[in-house]
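J.: Sequence and predicted structure are below.
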Amino acid sequence: MTIKEEIQALKKERNAIILAHYYVPDEVQEIADHIGDSYYLSKTAAATDADVLVLCGVSFMGESAKILNPEKTVLMPDAAADCPMAHMADIPYIERLKKQYDDLAVVCYINSTAELKSHSDVCVTSANALTIVKALPNKNIFFVPDENLGKYIASKVPEKNFLFNDGRCPIHAQLTRKALEDAKSEHPEAKVLIHPECTPDVLALADYIGSTTGIIKYCGECTADSFIICTEKGVFYELNKQNPNKKFYLANESLCCPDMKLITLPKILDVLKNNTNQVTVDANLRKDCLIPLQRMLELSK
Ligand code: 13P
Ligand code: SF4
């Protein structure tokens, strides 16, 4: 049996599904039952009737799936795959701000630890942040942990007062305006599509700004035939699959998330076989995280 056949057989035997983010390696996306952005993955995890979920992505994705499905087994192919930005917020500072502003909403990007979520009012992803922030009754918004996504949303909701946090995605935030200008002069005809985790000076050059799913959808619907992509290079698998006649250029080779690339087929086989790397979330912590996560799912319907 090939490794793919072994994985398929174990999936059937254990009533398991494989959920994969667009940033994991191609061969993992190829065998996944569901591929998507962070919002799609949490929605799918909340709705599944599988007994075992293999979460091909980074730890906040496995944690969110477990919080939404405490009775199910959630397995991470690599327990060390983590998003550095998920840790970039100071909880005592959040609590101090809550005391200073009586109508403060702490809006927490899903790319965050469970502990951080438990101190927030609502979770968001890059796909639903704008809808959710607009729907909140609060005037004061503390957006954690991503300063760049927070600033992008703030620019669209000028009637609210935003406070920003010192945190960012090390992969998207390192894309410079100069690197993107170079890519644009090499491909002047191409549309520029940018993930909102990029810095504001980079976002200013966009034809379209959106989540990974938004970018993929835009490329399918747009009549242009070439695109400069400013997000992690894993999206090329789906872009090329859906649009074999269009051309895609990565804005810069540095757009590669090493944590997402830790996910491999042998590791998926291993966790399915041995039930290792099970995600656990303390019961009290889970209760506190469930509120902002469920509020996100409600408000983005
Ligand atoms: P989306 O999945 O919301 O597009 O975010 C990208 C990301 O960085 C996930 O880690
Ligand atoms: Fe985190 Fe950035 Fe990697 Fe996404 S691409 S998992 S935000 S480090």
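T.: Everything's here; your move. Residues are numbered from 1 along each chain as shown. Ligands and ions are numbered 1, 2, ... in the order given.

J.: ok, now which ones touch Leu299?
T.: 122, 128, 131-132, 135 (CB atoms under 8 Å, 6 or more residues apart in numbering). Just so you know, the C-beta spots here come from the backbone N, C-alpha and C atoms, and that holds for glycine as well.

J.: Apologies, that question was intended for Asp182.
T.: Asp182 neighbours (CB under 8 Å, 6+ apart): none.

J.: going forward, begin numbering at 59 instead of 1
T.: In the new count, where the first residue is 59, that last one comes out as Asp240.

J.: Surely it forms part of a helix?
T.: Yes - counting by DSSP: H, G, I helix; E, B strand; the rest coil, one finds Asp240 located in a helix.

J.: Please tell me which one of the contacts of Leu357 counts the most neighbours.
T.: Using other CB atoms under 10 Å as the neighbour test, those are led by Val180, with 25 neighbours.

J.: What does the pLDDT read for that one?
T.: Confidence at Val180, expressed as pLDDT, is 98.

J.: and the stretch 259-359 of the chain, which residues reach ligand 1?
T.: 269-270 (CB under 6 Å from any ligand atom).

J.: Count the residues that sit near Asn332.
T.: Around Asn332 there are 9 residues (other CB under 10 Å).

J.: mind checking how far it is from Ala144?
T.: Asn332 is 26 Å from Ala144, where distance means CB to CB, to the nearest Å.

J.: Same check on Val293?
T.: 20 Å.

J.: mind listing the strands for the chain?
T.: 74-79, 92-94, 110-114, 131-133, 162-167, 180-182, 198-202, 219-222, 249-252, 266-267, 284-288, 305-308 (DSSP state E).

J.: Now that we have the ones you listed, can you turn them into CSV and tack on distance to Leu238?
T.: Shown next, in CSV, are the strands of the chain (distance: least, CB to CB, whole Å):
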stretch, distance to Leu238
strand 74-79, 23
strand 92-94, 26
strand 110-114, 29
strand 131-133, 37
strand 162-167, 23
strand 180-182, 25
strand 198-202, 24
strand 219-222, 22
strand 249-252, 7
strand 266-267, 13
strand 284-288, 7
strand 305-308, 11
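
J.: What angle do strand 162-167 and the helix or strand bottoming out on mean pLDDT in the chain make with each other?
T.: Within the chain, no helix or strand scores below helix 96-105, which has a mean of 91 by mean pLDDT, DSSP states H and E. Following axes from the mean of the first three to the mean of the last three CA atoms, to 10 degrees, one obtains 90 degrees for the angle between helix 96-105 and strand 162-167.

J.: Give me the helices and strands touching helix 96-105, please.
T.: Applying 3 or more CB pairs under 8 Å, 6 or more residues apart in numbering; DSSP states H and E, one finds that helix 96-105 makes contact with strand 74-79, strand 92-94, strand 110-114, helix 117-126, helix 341-357.

J.: contacts for it?
T.: 77, 79, 92, 94, 111, 113, 115, 119, 122-123, 126-127, 168-169, 183-186, 269, 271, 351, 354-355, 358.

J.: Make a markdown table from the contacts of Leu357 and add distance to Leu297 to it.
T.: Converted to a markdown table, these look like this (distance: CB to CB, whole Å):
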| residue | distance to Leu297 |
| --- | --- |
| Val180 | 31 |
| Asn186 | 22 |
| Thr189 | 25 |
| Ile190 | 27 |
| Ala193 | 31 |
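
J.: between those, which is closest to Pro254?
T.: Nearest to Pro254 among those: Asn186, at 11.9 Å, using CB to CB.

J.: The closest one and ligand 1, how far apart?
T.: 9 Å (CB to the nearest ligand atom, to the nearest Å).

J.: Counting neighbours, what do you get for Pro350?
T.: 23.

J.: Tell me how many other residues crowd the nearest residue to His79 once chain neighbours are set aside.
T.: Of all residues not flanking His79 in the chain, Gly115 sits nearest, at 4.0 Å (CB to CB, 6 or more residues apart in numbering). Residues contacting Gly115 under the criterion other CB under 10 Å number 27.

J.: per-residue confidence at Gly115?
T.: For Gly115, pLDDT reads 98.

J.: Check the one 3 residues further on too.
T.: On the pLDDT scale, Phe118 is placed at 96.
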